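K.L.:
Next comes the sequence, and after it the predicted model I'd like to discuss.
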Amino acid sequence: MKFFFTAITWVFMPLLMPIYALLLILFVPAFQFDSNPNSLQLFMYPIQLKWAILIAFFIFGVAAPGFSFMILHKKNMISTLEMDGRKERNLPLIITLIYGILLYLILMFKVGSGILPKYFFALPLSGSVVLGIMVYVNQFRKISLHAAGVGILTGFIFAFCLGQVAYEFWIIIVSVLVSGLVISSRIYLQKHQPIEMILGYSISTLVTFLVTFFYPN
């Protein structure tokens with residue numbers, strides 16, 4: 001069981017959750033409310049455009065922060081890549097926050113909100129807001145970043161589905177099941193107390209949902 005739950009925490013590590021969220025909205029059929037009949041639905045985007053979006057998010061949301069964490073670990077600024085200690089999380093969180101803001105600004109000024117739907121702008125923005133809150137809360141108590149990660153997935157998928165006239169309901173079920181698996185894994189591995197999981201998940205889910213749902217079209 002320990003191997004299974006450890007694998008879950010790595011497969012669904014926080015940095016990967018926005019990528020999973022994008023895969024769901026880009027490859028699972030859904031139809032938006034009041035959509036321009038001449039515009040493509042997200043799942044109908046050309047594969048080249050899908051890959052371009054995924055690569056941009058992967059570079060700024062996974063590769064760059066992950067590489068930075070390895071440098072911090074090599075310089076003994078963090079004890080492990082999981083960053084179990086509360087105090088050693090501050091710098092990695094701030095670094096990830098900076099990359100999230102950079103991605104959002106690049107999308108805003110290089111692409112423009114009139115070209116891509118709001119979801120591609122709301123995701124890095126909501127992630128940055130969540131990270132900012134995590135940085136603040138981390139000054140007082142440890143909070144689960146894994147729970148925050150699946151909270152981003154859940155909040156984003158819920159907000160996305162509410163903006164569709166038709167969608168595959170199973171993507172909501174998947175987001176909830178993944179959240180339960182990750183939270184259960186962290187508790188089983190004794191990485192967090194239940195309150196740390198509840199805080200991380202509830203804050204992240206609520207913030208991501210609100211930012212995504214109310215982000216202007």
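P.N.:
Received it, and whenever you're ready, just let me know what you need.

K.L.:
for this protein, what's the longest helix?
P.N.:
Counting residues, the longest helix in the chain under DSSP state H turns out to be helix 194-214.

K.L.:
got the contact list for that one?
P.N.:
Applying CB atoms under 8 Å, 6 or more residues apart in numbering, the contact partners of helix 194-214 are 118-119, 122-123, 125-127, 129-130, 133-134, 137, 141-152, 154-156, 158-160, 162-163, 179, 183, 186-187. C-beta here means a position set from N, CA and C on the backbone, and glycine is covered the same way.

K.L.:
let's go with 6 Å and repeat that
P.N.:
Helix 194-214 has contacts (CB atoms under 6 Å, 6 or more residues apart in numbering) with 122, 125-126, 129-130, 133, 142-144, 147-148, 151-152, 154-156, 158-159, 183.

K.L.:
Report the rounded mean pLDDT for stretch 60-80.
P.N.:
Stretch 60-80 shows a mean pLDDT of 90.

K.L.:
buried set for it?
P.N.:
By 16 or more other CB atoms under 10 Å, the buried positions in stretch 60-80 come out as 60, 61, 62, 64, 65, 68, 69, 72, 73, 78.

K.L.:
for the protein, what spans make up the helices?
P.N.:
Under DSSP H, the chain gives helices at 2-11, 17-27, 47-58, 64-74, 90-106, 119-137, 145-162, 170-188, 194-214.

K.L.:
OK, contacts around residue 81?
P.N.:
By CB under 6 Å, 6+ apart, residue 81 lies in contact with 69, 73.

K.L.:
separation between it and residue 202?
P.N.:
26 Å (CB to CB, to the nearest Å).

K.L.:
now residue 133
P.N.:
Relative to residue 202, residue 133 is positioned 11 Å away (CB to CB).

K.L.:
In terms of neighbours, single out the busier of the two.
P.N.:
residue 133 (17 against 14; other CB atoms under 10 Å).

K.L.:
returning to what we had before: can you tell me which of the buried residues of stretch 60-80 lies closest to residue 10?
P.N.:
Closest to residue 10 out of those is residue 62 (12.9 Å), distances taken as CB to CB.

K.L.:
How much space separates the closest residue to the closest one other than its chain neighbours from residue 212?
P.N.:
Excluding the flanking residues, the one nearest residue 62 by CB to CB, 6 or more residues apart in numbering is residue 15, at 4.8 Å. To residue 212, residue 15 is 19 Å away according to CB to CB.

K.L.:
quick one: which of those two has more around it?
P.N.:
residue 212 (25 against 19).
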